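Chemist: Pasting the sequence and the predicted coordinates here, then a few questions.
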Amino acid sequence: MSEAIHHECGLAMIRLKKPLDYYNKKYGTPLHGLKCLQLLMRKMRNRGQDGAGMATIKLDHPPGKKFISRKRSNASNYLDDLWAGVYKRFDVLTPEQLSDGEWLKENLPYTGEVMMGHLRYGTHSSNAIETCHPFLRQSNWKTRCLIVAGNFNLTNVNELFQELVELGQYPKEKSDTVTVLEKIGHFLDDEVQRIHSWHKPDGHTNIEINDIIADELDVQRLLKRASKKFDGGYVMGGMIGHGDAFVMRDPAGIRPAFYFEDDEFVAVASERPALQTVFDVPFEAIKEVEPGHALIIKKSGQTSMKPFTKLLPRAACSFERIYFSRGNDRDIYLERKELGRRLARQVAKAVKYDFDNTVVSYIPNTAETAFQGMIEGLEDELRWWRKKEMKRRKKKGKNGFGKVLKTKVRNEKIVVKDGKTRTFIADTSSRDDMVSHVYDVTYGIVRDDIDTLVLLDDSIVRGTTMRDSIIKIVSRLRPKRIIIVSSAPQIRYPDCYGIDMSKMGEFVAFKAMEALLVEGGKKKLIKQVYKKAVAELKKPDKKQKNMVKQLYDQLKYEDVSKKIAQIMTPKGTKPKVDVIYQTIEDLQESCPNNNGDWYFSGNYPTPGGFRVVNKAFVNYMEGSGERAY
Ligand SMILES: O=P(O)(O)OC[C@H]1O[C@H](OP(=O)(O)OP(=O)(O)O)[C@H](O)[C@@H]1O
Ligand SMILES: NC(=O)CC[C@H](N)C(=O)O
């Protein structure tokens with residue numbers, strides 16, 4: 001592999017509505033809020049392997065004292081390292097000091113009422129400590145200080161960066177987060193200045209005006225102005241020096257964000273169960289930050305959900321449901337099960353209902369829930385088959401009912417994963433090695449040259465996991481046949497809204513499509529489509545269409561699956577390998593509320609996506625290793 005595929009970030013924000021001493025009385029420590037933030041981040045550990053960071057703001061802190069504290073870590077044990085750093089200065093305190101909220105706020109960092117945490121999978125820029133969020137824009141004016149962290153990917157960072165330069169700014173780096181920070185920061189300065197100029201003639205002192213600005217700052221207006229040109233998937237969290245905070249979500253709802261509020265906390269997180277566990281609140285108490293809206297928390301503690309941009313048709317990322325998020329969200333759990341259940345009939349048909357000689361299993365970890373659903377679906381298929389088989393036997397005057405009734409779905413744990421890391425996001429150099437050693441098998445269950453082994457995985461992207469690891473090691477069990485089942489449809493097109501999968505030639509589905517067209521004598525067509533894509537790129541984003549679709553349209557879905565099976569089968573593999581994919585229709589039925597499926601369907605939710613797919617194809621055809629956006 002030449003390029004690492006990156007994916008999701010996790011965002012958490014907490015606003016304490018009471019003074020720190022309140023939490024001491026009720027929960028036994030004034031640091032309760034901080035502990036909740038730590039726990040929220042731990043619960044969303046799946047969303048970032050590159051690093052983590054947190055920041056806090058103290059409300060109404062006197063001048064001359066630090067009111068913003070930030071800590072970041074990109075150590076290999078970044079979460080432990082981060083929090084060890086945060087708590088370092090608390091370890092030496094007396095029990096009396098540790099239970100005095102007022103004293104802690106006055107004397108120690110990280111004891112603010114507004115706080116934000118972030119887990120990073122980098123999609124842009126390097127994996128350095130400097131690229132870990134939150135990012136800080138400091139000023140001597142409280143109301144102009146800005147802290148930003150996000151789960152986001154924009155398709156037009158270059159354009160946004162250029163705009164900053166044209167405004168006369170000299171951003172110190174070209175990272176996407178700095179670009180967003182500076183963009184919001186620019187309008188924050190402007191809004192603050194506007195309120196200042198408005199009130200100054202009334203004879204207020206500058207100190208008085210500070211409070212007026214804090215009061216009157218219109219965060220909705222600020223975000224409206226700052227985000228006008230954003231094209232992408234984003235959930236951005238922001239904290240402003242005096243204590244206002246916001247979490248804004250893209251207009252198609254691509255990236256997820258949830259929140260809850262009571263009289264003690266306002267808390268936001270990328271995943272719902274993290275909030276449920278940390279604050280012990282039921283499913284119903286948690287709401288989504290609405291697409292195209294910002295949850296705005298004013299310094300006063302007052303919250304509102306305000307639109308900041310024109311809505312787009314909802315296209316919440318379906319990959320969140322299939323793979324990214326932890327599966328302990330009630331809805332995601334049920335959706336994953338449904339994805340598995342819907343594959344059962346295809347599997348039963350592929351093994352010709354020969355349950356006696358079929359072992360079914362899954363690739364840990366994410367596919368486990370879909371596997372539960374597939375088993376339930378197979379149990380239904382088995383019941384149907386039993387009825388039919390009994391009828392058939394009766395009709396022919398045959399016996400053997402006992403055997404039919406005894407037939408079971410042979411559900412076994414065949415593949416084990418050593419270690420908990422997610423290999424999908426590891427960087428390229430370490431991934432190949434990781435993938436080939438991370439899995440092992442259970443010996444002695446699959447009968448040599450008799451059993452068909454069915455293995456469910458959540459997704460096949462590059463096919464590396466299958467080719468370099470799974471198929472090789474399960475072949476040692478000597479199954480007669482291997483059937484790989486994917487709970488996600490074929491991944492055909494690049495993503496640019498969360499995961500950074502922009503190199504088209506790396507998708508095993510793309511490789512299969514290209515091979516089939518070449519074999520079918522349609523090489524010319526590929527060249528023609530390349531020319532069309534080049535022409536398309538000259539149009540504005542809004543006018544572009546996905547040219548690559550025409551290539552896939554030449555082929556049947558099942559034929560692409562067959563070719564993928566061939567590509568993923570290492571040379572010399574004895575058992576026959578087949579692949580069964582989820583259909584897009586079944587995906588949509590399973591996850592009705594998360595209908596963003598551009599990587600499968602090529603239907604992008606924002607104009608920038610169409611440019612990215614055309615550019616990714618052109619890059620591939622020209623042998624360029626350049627990013628597609
Ligand atoms: O086709 P590929 O490009 O190789 O990628 C797909 C694989 O990567 C993921 O595993 P990962 O180890 O990240 O996570 P998991 O333990 O959560 O399943 C996913 O579950 C697939 O197994
Ligand atoms: N996965 C993400 O959301 C990454 C956020 C941001 N694009 C970064 O690279 O840091």
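Modeler: Nice, I can see it. Numbers count the residues shown, from 1 in each chain. Ligands and ions are numbered 1, 2, ... in the order given.
Chemist: of all of the chain, which residue lies closest to ligand 2?
Modeler: C9 (3.3 Å; CB to the nearest ligand atom). (Each C-beta comes from the backbone N, C-alpha and C, glycine too.)
Chemist: which bits of the chain sit near ligand 2?
Modeler: 8-9, 120-125, 131, 150-153, 176-177 (CB under 6 Å from any ligand atom).
Chemist: Please, a PyMOL command that selects the buried ones among these?
Modeler: Buried residues within the residues of the chain next to ligand 2, by 16 or more other CB atoms under 10 Å, are selected in PyMOL with:
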select buried, resi 8+9+120+121+122+123+124+131+150+151+152+153+176+177
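Chemist: low-scoring pLDDT stretches of the stretch 351-500 of the chain, where are they?
Modeler: Residues of the stretch 351-500 of the chain that meet the criterion pLDDT under 70 lie in 420-436.
Chemist: At which residues are the strands of it located?
Modeler: With DSSP state E, counting those that start in this stretch as the criterion, the stretch 351-500 of the chain has strands at 358-362, 410-411, 415-417, 439-441, 452-457, 481-486.
Chemist: Which positions in the third one come out as buried?
Modeler: Using 16+ other CB under 10 Å as the burial criterion, the residues of strand 415-417 that qualify are V415.
Chemist: roughly how far is stretch 372-379 from the heart of the chain?
Modeler: 27 Å (CA atoms, centre = their mean, to the nearest Å).
Chemist: meant to ask about stretch 318-329
Modeler: That offset, for stretch 318-329, works out to 8 Å (CA atoms, centre = their mean).
Chemist: Please identify the residue of the stretch 201-350 of the chain positioned nearest to ligand 1.
Modeler: For the stretch 201-350 of the chain, CB to the nearest ligand atom, closest residue to ligand 1: Y323, 6.0 Å.
Chemist: so which of the strands of the stretch 351-500 of the chain gets nearest ligand 1?
Modeler: Using CB to the nearest ligand atom, the nearest of these to ligand 1 is strand 452-457, at 4.8 Å.
Chemist: Show me what that closest one is packed up against.
Modeler: Helices and strands touching strand 452-457, by 3 or more CB pairs under 8 Å, 6 or more residues apart in numbering; DSSP states H and E, are strand 358-362, helix 368-395, strand 481-486.
Chemist: Turn those into a markdown table, columns for mean neighbour count.
Modeler: What follows is the helices and strands packed on strand 452-457, written out as a markdown table (neighbours: other CB atoms under 10 Å):
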| stretch | mean neighbour count |
| --- | --- |
| strand 358-362 | 24 |
| helix 368-395 | 17 |
| strand 481-486 | 24 |
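Chemist: Could you say which one of these comes nearest to A245?
Modeler: Closest to A245 of the helices and strands packed on strand 452-457, according to CB to CB: helix 368-395, at 33.8 Å.
Chemist: Tell me which other helices or strands that closest one touches.
Modeler: Right, helix 368-395 is packed against helix 330-341, helix 344-350, strand 358-362, helix 401-406, strand 452-457 by 3+ CB pairs under 8 Å, 6+ apart.
Chemist: What strands line up against the shortest one, and which way round?
Modeler: In its sheet, strand 358-362 lies beside strand 410-411 (parallel), strand 452-457 (parallel), with partners assigned from DSSP bridges.
Chemist: how much space between the residue of the chain positioned farthest from its centre and M390?
Modeler: Outermost residue of the chain with respect to the C-alpha centroid, by CA atoms, centre = their mean, is G397; its distance is 57.2 Å. Between G397 and M390 the computed distance is 13 Å (CB to CB, to the nearest Å).
Chemist: Could you do L104 as well?
Modeler: L104 is 73 Å from M390, by CB to CB.
Chemist: likewise L40?
Modeler: The value you get for L40 to M390, if CB to CB is used, is 54 Å.
Chemist: L160 too?
Modeler: Distance from L160 to M390, counting by CB to CB: 67 Å.
Chemist: Same question for P171.
Modeler: Separation of P171 from M390 (CB to CB): 73 Å.
Chemist: what does K299 give?
Modeler: When K299 is compared with M390 (using CB to CB), they lie 72 Å apart.
Chemist: ditto for P282
Modeler: 46 Å.
Chemist: Check A226 too.
Modeler: 68 Å.
Chemist: Ok, I567 next?
Modeler: Taking CB to CB, one finds I567 at 42 Å from M390.
Chemist: ditto for D380
Modeler: 16 Å.
Chemist: got it, and E338?
Modeler: Taken as CB to CB, the span from E338 to M390 is 29 Å.
Chemist: What of K71?
Modeler: Distance of K71 to M390, computed by CB to CB: 67 Å.
Chemist: cool, G33 as well?
Modeler: From G33 to M390 the distance is 63 Å (CB to CB).
Chemist: How about L222?
Modeler: Taking CB to CB, one finds L222 at 70 Å from M390.
Chemist: just E335 next, same as before
Modeler: When E335 is compared with M390 (using CB to CB), they lie 34 Å apart.
Chemist: Also I526?
Modeler: Applying CB to CB to I526 and M390 gives a distance of 53 Å.
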